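Peer 1: Here is my input, please return the structure:
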Amino acid sequence: MAKRKPKKPGNDYDKIFKENLEPLILPLIRRRYGLDIKDKRRLPDKIQTTTERETDFLFEISDSAGKKSLLHIEFQSRNDKNMVFRNQEYHGIISRKYKLPIRHYVFYIGRRKPNMMSQLPEDMQFKGFEILDFNTLSYRDFLDSKTGSEIILAILADFQGHDPEAVIRLILQQLRVVVRHPASLKKYVEQLNILSRLRNLSEQTIKIAASMPITIDIEKDYLYRIGLDRGIELERQKAEAELELERQKAEVELELERRRAEKVEAELKQERQKSEAELELERRKAEAELELERQKAEAERLDAIIALHETGLSISTISQVFRTTEEDIQRIIAAGRQKEVE
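Peer 2: Just a heads-up that it's a prediction; the model follows:
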């Protein structure tokens, strides 16, 4: 026979809140936040959705100040009226995973002019949520109620400095006054006991309820508490193990990133040194070619001066042609004769 899976502690709380809070939710919100509610329609609790999404491009970027953010890009070839809602869904999934600011872009490559809505109306944008802290509500607001479903919520409210056991006794007494049917009374007392665990008041609640003419299966509740404590410990150990695994994974990724950065830096340095060597070689080669051209031009100049002198042209005329002094022409001619002698 297959074993039944133990219920998670949260299931009990959810069940109680769903059973008891629905008639109180809207009045609480109206009273607390002044919300204008004319009508209501309860929607299904379970929301069918595909949680796994694949983006076209998702980058982690850093600005010049080192601030990190995410860049999300989608390519779209047709007008999609749900594109803005898809991006909102992407935003929620990506934010939950990376916890960084996100910029979304859609690159439209379709033929027709895009007419998709790209911005949600102000009242449809998620910007956070209001917190209704039961610790800020007075237990009297619930205790003075005429329904058991509201009375038991007093255990979650502010006791305003009163002794917890005294408040628990008042809650149980009020339940006995308001709830006349024994089965309903037993149900509310059991729910009260479950809620009391959220305030570490279960032992006091069981003790006071046991001293009153209300039947509670204390042995069953005690065993449940043991299972609850064991489940909490297992969840804690699991969470710690997951955190340690994430930490080790992050360290490995950081080390790989560091090594990749060092490799890139070494390659850049090598390329820079290679480029500098090639530039230096080119510079020297160019200088050598320029020097060779200069020497060749000078030799041709000297040969031309000597050749003109041998044709009978005067030294004065030659100096004017080459724009130099007669002494320089005489020196060149003398050097040429010396070279022929040698």
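Peer 1: Residue ranges in this structure under the pLDDT threshold?
Peer 2: 1-13, 18-24, 26, 37, 40-53, 213-232, 340-342 (pLDDT under 70).
Peer 1: Tell me which residues are up against the strand ranked longest in it.
Peer 2: Longest strand in the chain, counting residues (DSSP state E): strand 68-76. Here strand 68-76 makes contact (CB atoms under 8 Å, 6 or more residues apart in numbering) with 55-63, 83, 86-87, 90-91, 94, 98, 100-110, 114, 116. In short, each C-beta sits where N, CA and C put it, glycine included.
Peer 1: let's go with 10 Å and repeat that
Peer 2: Contacts of strand 68-76 with the rest of the structure, by CB atoms under 10 Å, 6 or more residues apart in numbering, involve 55-63, 80, 83, 86-87, 90-91, 94-95, 97-110, 114, 116.
Peer 1: Describe which strands that strand pairs with in its sheet and in which direction.
Peer 2: Paired with strand 68-76 in the same sheet, following DSSP bridges, are strand 57-62 (antiparallel), strand 102-108 (parallel).
Peer 1: For the longest one, buried residues please.
Peer 2: Taking 16 or more other CB atoms under 10 Å as the basis for neighbour counts, the residues of strand 102-108 that come out buried are His104, Val106, Tyr108.
Peer 1: Okay, helices next: where are they in the stretch 51-200 of the chain?
Peer 2: 83-98, 139-143, 148-151, 164-178, 182-196 (DSSP state H, counting those that start in this stretch).
Peer 1: What helices and strands are in contact with the first one?
Peer 2: In this structure, helix 83-98 packs against strand 57-62, strand 68-76, strand 102-108, with contacts taken as 3 or more CB pairs under 10 Å, 6 or more residues apart in numbering; DSSP states H and E.
Peer 1: swap in the third one?
Peer 2: Packing contacts for helix 148-151, counted by 3+ CB pairs under 10 Å, 6+ apart, involve helix 9-33, helix 139-143, helix 164-178, helix 182-196.
Peer 1: Which stretch among the ones you listed approaches Ala299 most closely?
Peer 2: helix 9-33 (100.0 Å; CB to CB).
Peer 1: Now the longest strand of the chain - C-alpha only, PDB.
Peer 2: This file holds the C-alpha atoms of strand 68-76, laid out as PDB (Å, rounded to 0.1, in the frame of the first residue of the first chain):
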ATOM      1  CA  LYS A  68      25.700  45.900 -13.100                       C
ATOM      2  CA  SER A  69      22.400  45.400 -15.000                       C
ATOM      3  CA  LEU A  70      20.800  43.100 -17.500                       C
ATOM      4  CA  LEU A  71      20.100  43.700 -21.200                       C
ATOM      5  CA  HIS A  72      17.200  41.700 -22.600                       C
ATOM      6  CA  ILE A  73      16.600  41.700 -26.400                       C
ATOM      7  CA  GLU A  74      13.900  39.900 -28.400                       C
ATOM      8  CA  PHE A  75      13.600  39.700 -32.200                       C
ATOM      9  CA  GLN A  76      10.000  40.000 -33.500                       C
END
